Structures are given as C-alpha cells and as structure tokens.
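> Provided below for reference: sequence and predicted model.
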Amino acid sequence: MSLPIAIVIIVSFLVVGGALTLAGFVWAVQKKQFSVKQLNEGAKLIFDDDEPIGTPQDMVFKSSANDSPNPR
C-alpha cells in the first residue's frame, strides 16, 4: 500500500515542477528575455578588435605543410 502513495507523491512533484518550469518560460518570453536581438548581441559579445567576426584566430586545427601524417 505504500508504493502507490510514493508514486502519487513523485508524480505530484513532477507535475508541480513542470508547471513551475512552464510558468517561468512563459514569463521569460513575455518579458522578451528570448528576443532575437538580445540573442544575436550576446553571441557577438566575445568578439573584439583583436579577433573580429569571421576571422579565425585559433590555429589548433590548422595543419601546416611540414606536418607529417605519421609523427615519430
């Protein structure tokens, strides 16, 4: 008899948690927390004059002509 009570309690917590999550998401959308303008500005925030947009600066994956496929 205690197993069904535990299942009811767990399902109740899941329903309440899901409702709170959905309410938080709806609130964020209404307050324009997910506007396209803000998302694009945040994506470009890591770039500056030293590393402009579209100019790769990371040379980790760039292979040079002197690299051999079988290093010894």
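Nice, I can see it. Values in this document were obtained by computation on a predicted structure and should not be read as measured data.
> where along the protein do the strands fall?
For the chain, applying DSSP state E gives no strands.
> lowest-pLDDT helix or strand in the protein?
Considering only helices and strands, the least confidently modelled element of the chain by mean pLDDT, DSSP states H and E is helix 36-43, at a mean of 76.
> how far out from the middle of the chain is that helix?
13 Å (C-alpha atoms, centre = their mean, to the nearest Å).
> and if you look at stretch 38-54?
Taking C-alpha atoms, centre = their mean, one finds stretch 38-54 lying 17 Å from the centre of the chain it belongs to.
> what about Asn40, neighbour count?
10 (other C-beta atoms under 10 Å). (Each C-beta comes from the backbone N, C-alpha and C, glycine too.)
> what about it, distance to Ile53?
With distances taken as C-beta to C-beta, to the nearest Å, Asn40 is found 11 Å from Ile53.
> Run a quick neighbour tally on Gln33.
Neighbour tally, Gln33, other C-beta under 10 Å: 12.
> For the remainder of this discussion, apply numbering that starts at 245.
Okay, using 245 as the starting number, the last item reads as Gln277.
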